[in-house]
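Student: sequence first, predicted model second:
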Amino acid sequence: MPAVVVLGAQWGDEGKGKATDLLATTDPIDYVVRTSGGHNAGHTIVIDGEKYATHLLPSGILTPGATSVIANGVVVSPEALFRELDGLLARGVEIGGLVVSANAHVIASYHSVIDKVTERFLGKNQIGTTGRGIGPAYADKVGRVGIRVADLFDESILRQKVEAALDLRNHLLTKVYNRRAIEVDEVVAELLSYSERLRPMVADTSLLLNQALDRGQTVLFEGAQATMLDLDHGTYPFVTSSNPVAGGVCVGAGVGPTRIDRVIGVIKAYTTRVGSGPFPTELFDADGEALQRIGGEIGVSTGRTRRCGWYDAVVARYASRVNGLTEFFLTKLDVLDHWDRIPVCVAYEIDGQRVDEMPMTQTEFHHATPIYEYFDGWKTDISGCRTFADLPKNAQVYVEALEEMSGSKIWGVGVGPGREQTLVVHG
Ligand code: GDP
Ligand code: IMO
Ligand code: MG
């Protein structure tokens, strides 16, 4: 399968890193590509019991033989990029090729200053961002005052662009937020300090990827964030500032939709969310605490505790629809080993009415309460299962029921963080 998209079907942290690593090691993959977001992502890969986390780099950086690509739709902090690369090199990881799009936008330190100041200003309405400058960098891009990677190689152009970017920002910072202005010289010097190391990595990644696909090579697009955090399709305004849905992959990589062969939605056997915003199946009781503890639900990037709740089939059906999923990869089924009875949200009740599809407005979504169906637990350790037939009967029933109600077939199931702790349902 030449072009495969792996994306998040819930609110992030579904196990996209594991799914990418798995696909990249079972079939030879030539390119692993990030197409949106930045170092707000945190993807965990466990290889032979050893844990790695990637943020801005695609997880494919750990796959021997694969070239990693940071495409045009990503917002790149050069500081975070080199910090992450150096961290992996220090651990003795052999880094394959790394290519960065000349058109990717740059996150400078002022973006994260503005991110944090804006959040503070929002008070109780804050989004709960990662504070990495993602929103302000995308705002500059859309406002046409962004700085692109290519600009780092021409000092006079860079200076003009930094001046334009800081002009309005500094008015806001000094007059509204009561902060000191950001100096153009400091930003230019900061960005220029990375240009020499960055230069050999920079290319036209759209051309590179399309030529690879023309040659029949395999390209894996590794999603970051998730469908419900999508700027257009997520729980706005409690979203990230990019389009992590499948359509965003085409924009973010410069490849046409006709080139994509598979779109895999990664989804947990329950639900988590970090940051603010509505979450109909969220639990505030001992079950929520148990999911958090057993699932190890702590953010990889910010160390924040993830909010936990039961599986939401309305979200799953919505993810199937807006992404045109060809299949799901269901992760963390093993976390549910301990329950006698497992609730699954099959629909919502909104203002006294049953609603089977994602409601049209955010106001309705805020009012949604889950309608649950209950499944018998299996109360057995399934982490050693390697085929669907190995699973206890009740776990098979649970997976089949989720498949039935979620709008796409389930290709594989994760029963532990390790690469090998996976079973294929429909190969
Ligand atoms: P991502 O952002 O989508 O790549 O996901 P994260 O890495 O932020 O969070 C997923 C967490 O679940 C990581 O700690 C993974 O190691 C872990 N994980 C992934 N799949 C499984 C699974 O099937 N079972 C268990 N127990 N853990 C898993
Ligand atoms: P991965 O790729 C979970 C959330 C933040 C916040 C909102 C906006 O690991 O699944 P931002 O800093 O992007 O402006 O924050 O989005 N968020 C994530 N939540 N996993 C992620 O990435 C996330 N990236 C951003 O918590 O609510
Ligand atoms: Mg994550």
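Tutor: The structure has been received and is ready for your questions. Ligands and ions are numbered 1, 2, ... in the order given.

Student: where does Cys308 sit: helix, strand or coil?
Tutor: Using DSSP: H, G, I helix; E, B strand; the rest coil, the structure places Cys308 in strand.

Student: can you start the count at 38 instead of 1 from here on
Tutor: Happy to do that; since the first residue is 38 now, the last one works out to Cys345.

Student: that one: neighbouring residues, count only.
Tutor: 26 (other Cβ atoms under 10 Å). All C-beta atoms are positioned from the backbone trio N, CA, C, and that covers glycine.

Student: who touches it in this structure?
Tutor: Counting by Cβ atoms under 8 Å, 6 or more residues apart in numbering, Cys345 makes contact with 307-309, 319-320, 325-326, 328-329, 332, 334.

Student: partner residues bridging it?
Tutor: For Cys345, the beta-bridge partners are Thr309 (DSSP bridges).

Student: longest strand anywhere in the protein?
Tutor: Taking DSSP state E as the assignment, the strand of the chain that covers the most residues is strand 378-387.

Student: elements contacting it?
Tutor: strand 348-349, helix 350-360, strand 390-392, strand 406-413, helix 430-443 (3 or more Cβ pairs under 8 Å, 6 or more residues apart in numbering; DSSP states H and E).

Student: nearest to Thr342, of the ones you listed?
Tutor: Nearest to Thr342 among the helices and strands packed on strand 378-387 is strand 348-349; the distance by Cβ to Cβ comes to 19.4 Å.

Student: and the contacts of Cys345, which are buried?
Tutor: 307-309, 319-320, 325, 328-329, 332, 334 (16 or more other Cβ atoms under 10 Å).

Student: which of those lies closest to ligand 1?
Tutor: Gly332 (6.6 Å; Cβ to the nearest ligand atom).

Student: give me the three-state assignment for the residue nearest to the closest one when sequence neighbours are not counted.
Tutor: Distances taken as Cβ to Cβ, 6 or more residues apart in numbering place Val372 nearest to Gly332, at 4.4 Å, with adjacent residues excluded. Following three-state DSSP, we place Val372 in the helix state.

Student: what sits against Val372?
Tutor: Val372 touches 306-307, 328, 331-332, counting by Cβ under 8 Å, 6+ apart.

Student: residues in contact with the longest helix belonging to the chain: which ones?
Tutor: Selection of the longest helix in the chain by residue count, based on DSSP state H, yields helix 192-208. With Cβ under 8 Å, 6+ apart as the test, helix 192-208 has contacts from 145, 147, 151, 177, 182-184, 188-189, 218-219, 221, 224-225, 228-229.

Student: please export the C-alpha coordinates of that helix as CSV.
Tutor: The C-alpha trace of helix 192-208 is given here as CSV (Å, rounded to 0.1, in the frame of the first residue of the first chain):
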residue,chain,number,x,y,z
GLU,A,192,19.0,37.6,6.5
SER,A,193,17.5,40.7,4.9
ILE,A,194,14.2,39.0,4.0
LEU,A,195,14.1,37.4,7.5
ARG,A,196,14.6,40.8,9.1
GLN,A,197,11.7,42.3,7.1
LYS,A,198,9.4,39.4,7.9
VAL,A,199,10.3,39.5,11.6
GLU,A,200,9.6,43.2,11.7
ALA,A,201,6.2,42.7,10.0
ALA,A,202,5.3,39.9,12.4
LEU,A,203,6.3,41.8,15.5
ASP,A,204,4.8,45.1,14.6
LEU,A,205,1.2,44.3,15.6
ARG,A,206,2.2,41.7,18.2
ASN,A,207,4.3,44.2,20.1
HIS,A,208,1.4,46.7,20.2
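
Student: if we can go back for a sec, ok, and of the contacts of helix 192-208, which contact ligand 1?
Tutor: On the criterion Cβ under 6 Å from any ligand atom, none of the entries of the contacts of helix 192-208 sits beside ligand 1.

Student: please pick the buried ones from those.
Tutor: By neighbour count, with 16+ other Cβ under 10 Å, the contacts of helix 192-208 hold 145, 147, 151, 177, 182-184, 188-189, 219, 221, 224-225, 228 as buried.

Student: just want the residue of the stretch 38-187 of the chain that's nearest ligand 2.
Tutor: Closest point on the stretch 38-187 of the chain to ligand 2, by Cβ to the nearest ligand atom, is Gly49, at 2.6 Å.

Student: wait, a strand at that residue?
Tutor: No: Gly49 is assigned coil when assessed by three-state DSSP, not a strand.

Student: doesn't Gly314 make contact with it?
Tutor: No: using Cβ atoms under 8 Å as the test, Gly49 is too far from Gly314 to be in contact (11.4 Å).

Student: neighbour count winner among those two?
Tutor: Remark: of Gly49 and Gly314, Gly49 carries more neighbours, 30 against 21, as counted by other Cβ under 10 Å.

Student: how close does the more buried one get to Thr91?
Tutor: 14 Å (Cβ to Cβ, to the nearest Å).

Student: quick one: contacts for Glu394?
Tutor: Contacts of Glu394 by Cβ under 8 Å, 6+ apart are 351, 354-355.

Student: how about the residues you listed in CSV, adding distance to ligand 2 and pLDDT?
Tutor: Below are those laid out as CSV (distance: Cβ to the nearest ligand atom, whole Å; pLDDT from 0 to 100):
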residue, distance to ligand 2, pLDDT
Val351, 19, 98
Arg354, 20, 98
Tyr355, 17, 98
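
Student: just give me the closest of these to Phe258.
Tutor: Nearest to Phe258 among the contacts of Glu394: Tyr355, at 20.4 Å, using Cβ to Cβ.

Student: give me the number of residues near the closest one?
Tutor: 21.

Student: OK, contacts around it?
Tutor: For Tyr355, counting by Cβ under 8 Å, 6+ apart, the contacting residues are 264, 270, 394-395.

Student: ok, and the most crowded of the residues you listed?
Tutor: Thr264 (30 neighbours).

Student: isn't Thr166 up against Gly172?
Tutor: Yes: counting by Cβ under 8 Å, Thr166 does reach Gly172; the two are 6.2 Å apart.
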